[in-house]
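Novice: Mind looking at a prediction? Sequence and model below.
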Amino acid sequence: VRAILGDQRFSSDTTRPGYPLSGMTGGAPVDGAARGFIRMDPPDHTRLRRMVTRDFMVKRVEALRPTLQKITDELCDAMEQTDRAEHPVDLVQALALPLPSLAISLLLGVPYDDHEKFQHLTGQLLSRELPEEERATARKELLVYLNGLVAAKEAEPGEDILSRLLTEQYAQGELTREDVVAFAALLLIAGHETTANMIGLSALSLMLDHETADQLREDPSLIRGAVEELLRFHSIIRNGPRRAATEDVEIDGHLIRAGEGVIVAVPAANRDEATFPEPDRLDVCRPNSQHHVAFGYGIHQCLGQALARAELQVVIGTLLHRFPGMRPAGPVDEVPFRTDMAIYGCHELPVTW
């Protein structure tokens with residue numbers, strides 16, 4: 001997996017012959033200029049990614065940590081005030097979705113009041129069961145919404161990523177309007193879908209593993225390593241990354257020919273026994289869990305990984321401290337897992353405490 005993702009003879013360009021589009025679901029459109037820089041190769045990928053790299057660097061993200069903690073505390077306050085005798089709390093709707101949605105909305109300057117709209121459209125885009133026609137309709141609706149948002153930012157810029165892209169790169173002719181919309185689509189969707197599902201799965205794992213949960217409560221310094229192990233263990237990207245070979249390449253004795261498509265199996269890599277002994281066991285003290293490829297590898301490694309890590313660290317620490325008795329409100333085999341989606345997780349996670 002690392003050999004393929006680190007080799008630029010495997011192209012991310014969706015317009016390349018052989019690129020495996022069939023059944024593909026993703027946030028940004030995959031055709032034309034609006035397909036987003038994650039579906040491009042250098043030099044276009046390098047030029048566009050560099051424009052937003054500074055917004056997601058570790059130093060910038062660490063400065064956001066108090067804000068992430070404040071949002072998490074407020075969401076937990078609201079959870080505590082609910083009447084669980086009537087209905088259990090759905091941890092997905094109460095915490096897992098709102099935290100990353102609020103955070104990325106803040107960074108991009110997207111009105112949080114619109115979160116239900118973009119979450120609904122994102123869900124349709126990432127569905128593996130909806131017909132392509134319906135996904136295409138959702139894609140168009142999202143682009144209409146984002147075009148309107150970009151126009152509003154152009155008329156009245158704020159202190160956010162989209163405003164900066166408009167007042168700097170777009171104003172200087174380095175970006176088209178389509179490019180700015182593609183940035184918005186990519187960052188908005190990638191910025192909440194993946195982390196939201198990792199929060200739900202991580203919380204469920206720790207609710208079911210009391211020994212590990214107690215271990216993390218007693219020694220919060222283990223939480224950073226626990227997040228890496230949870231990322232490895234769950235590997236929520238289930239049908240990609242995808243590439244097209246631009247020339248014949250031999251990988252581990254297997255010949256991949258030019259023009260052939262490749263779908264990289266991240267969950268298989270993260271359960272590789274040669275790298276992770278007893279890979280099916282969750283071990284928050286695993287010494288090399290950070291070697292996972294949950295964020296990809298190579299030049300396309302996830303831009304927002306520092307933000308995702310910070311959000312997971314804050315949420316896990318807060319839940320363990322504030323809700324030590326939290327448990328699933330029903331049988332685990334009744335939890336609706338996202339086997340129908342490109343990003344794995346829980347559709348709902350009813351809990352009580």
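Specialist: Nice, I can see it. The shown structure was predicted, so the numbers you read here are calculated from the model rather than taken from an experiment.
Novice: Show me where this protein has its strands.
Specialist: Assigned by DSSP state E, the strands in the chain fall at 10-11, 89-90, 242-245, 249-251, 254-256, 261-263, 327-328, 350-352.
Novice: any weak-confidence spans in this structure?
Specialist: Residues of the chain that meet the criterion pLDDT under 70 lie in 22-35.
Novice: From Ala190, how far out is the most far-flung residue of it relative to its centre?
Specialist: What lies farthest from the middle of the chain is Ala85; by Cα atoms, centre = their mean that is 33.2 Å. As judged by Cβ to Cβ, to the nearest Å, Ala85 and Ala190 stand 38 Å apart. In short, each C-beta sits where N, CA and C put it, glycine included.
Novice: Next: Glu228.
Specialist: From Glu228 to Ala190 the distance is 19 Å (Cβ to Cβ).
Novice: Of those two, which one has the most company?
Specialist: When neighbours are counted by other Cβ atoms under 10 Å, Glu228 and Ala190 differ, and Ala190 comes out ahead with 23 against 19.
Novice: contacts for stretch 95-113?
Specialist: Residues from elsewhere that reach stretch 95-113 (Cβ atoms under 8 Å, 6 or more residues apart in numbering): 55, 64, 67-68, 71-72, 75-76, 79, 114-115, 118-119, 149, 153, 158-163, 184, 187-188, 191-192, 195-197, 199-200, 203, 307-308, 311, 315, 319, 349.
Novice: before we move on, back to that, reformat the strands of the chain into TSV and put distance to Met51 and mean neighbour count next to each item.
Specialist: Formatted as TSV, the strands of the chain follow (distance: least, Cβ to Cβ, whole Å; neighbours: other Cβ atoms under 10 Å):
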stretch	distance to Met51	mean neighbour count
strand 10-11	21	24
strand 89-90	37	20
strand 242-245	23	23
strand 249-251	30	14
strand 254-256	32	12
strand 261-263	28	17
strand 327-328	43	16
strand 350-352	40	19
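Novice: Need the ones you listed in TSV (columns: distance to Glu133).
Specialist: TSV is the format used below for the strands of the chain (distance: least, Cβ to Cβ, whole Å):
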stretch	distance to Glu133
strand 10-11	28
strand 89-90	30
strand 242-245	22
strand 249-251	35
strand 254-256	32
strand 261-263	23
strand 327-328	37
strand 350-352	33
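Novice: Kindly state which of the ones you listed is positioned closest to Arg128.
Specialist: Between Arg128 and those, the tightest spacing by Cβ to Cβ is seen for strand 261-263, at 13.3 Å.
Novice: Nearest the geometric middle of this protein, what residue?
Specialist: Closest residue to the average C-alpha location of the chain: Thr194 at 2.6 Å, with Cα atoms, centre = their mean.
Novice: Quick check: closest non-adjacent residue to that one.
Specialist: Ile343 (5.9 Å; Cβ to Cβ, 6 or more residues apart in numbering).
Novice: show me what contacts the one you found?
Specialist: Residues counted as contacts of Ile343 (Cβ under 8 Å, 6+ apart) are Leu126, Glu193, Thr194, Asn197, Ile236, Ile237, Arg238.
Novice: right, and Leu312 touches Ser202 too?
Specialist: Yes: checked against Cβ atoms under 8 Å, the pair Leu312 and Ser202 is within contact range at 6.4 Å.
Novice: Common neighbours of the two, please.
Specialist: Common neighbours of Leu312 and Ser202 (Cβ under 8 Å, 6+ apart) are Val227, Leu230.
Novice: circling back to that earlier point, give me the buried subset of the contacts of stretch 95-113.
Specialist: Buried members of the contacts of stretch 95-113, counted by 16 or more other Cβ atoms under 10 Å: 55, 64, 68, 71-72, 75-76, 79, 115, 118-119, 149, 153, 160-163, 184, 187-188, 191-192, 195-197, 199-200, 203, 307-308, 311, 315, 319, 349.
Novice: Okay, and which of the residues you listed map to helices?
Specialist: 64, 68, 71-72, 75-76, 79, 115, 118-119, 149, 153, 161-163, 184, 187-188, 195-197, 199-200, 203, 307-308, 311, 315, 319 (DSSP state H).
Novice: picking up where we left off before, touching, the residue nearest to the centre of the chain and Ala308? I think so.
Specialist: Yes: with contact defined as Cβ under 8 Å, Thr194 reaches Ala308; the gap is 6.6 Å.
Novice: for the stretch 251-353 of the chain, what spans make up the helices?
Specialist: Along the stretch 251-353 of the chain, counting by DSSP state H, counting those that start in this stretch, helices occupy 266-270, 305-322.
Novice: Restricting to C-alpha, output the shortest one in PDB.
Specialist: Read it as helix 266-270. Extracted as PDB, the C-alpha positions of helix 266-270 are listed here (Å, rounded to 0.1, in the frame of the first residue of the first chain):
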ATOM      1  CA  VAL A 266      -6.400   0.600   3.700                       C
ATOM      2  CA  PRO A 267      -8.100  -1.700   6.200                       C
ATOM      3  CA  ALA A 268      -5.900  -4.600   5.000                       C
ATOM      4  CA  ALA A 269      -2.700  -2.600   5.300                       C
ATOM      5  CA  ASN A 270      -3.700  -1.500   8.900                       C
END
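Novice: Give me the contact list for it.
Specialist: With Cβ under 8 Å, 6+ apart as the contact definition, helix 266-270 has outside contacts at 1-2, 232-233, 235, 237-238, 240-241, 276, 279, 292-294, 296.
Novice: Show me which residues of it are buried.
Specialist: So, applying 16+ other Cβ under 10 Å, buried residues of helix 266-270: Val266, Pro267, Ala269, Asn270.
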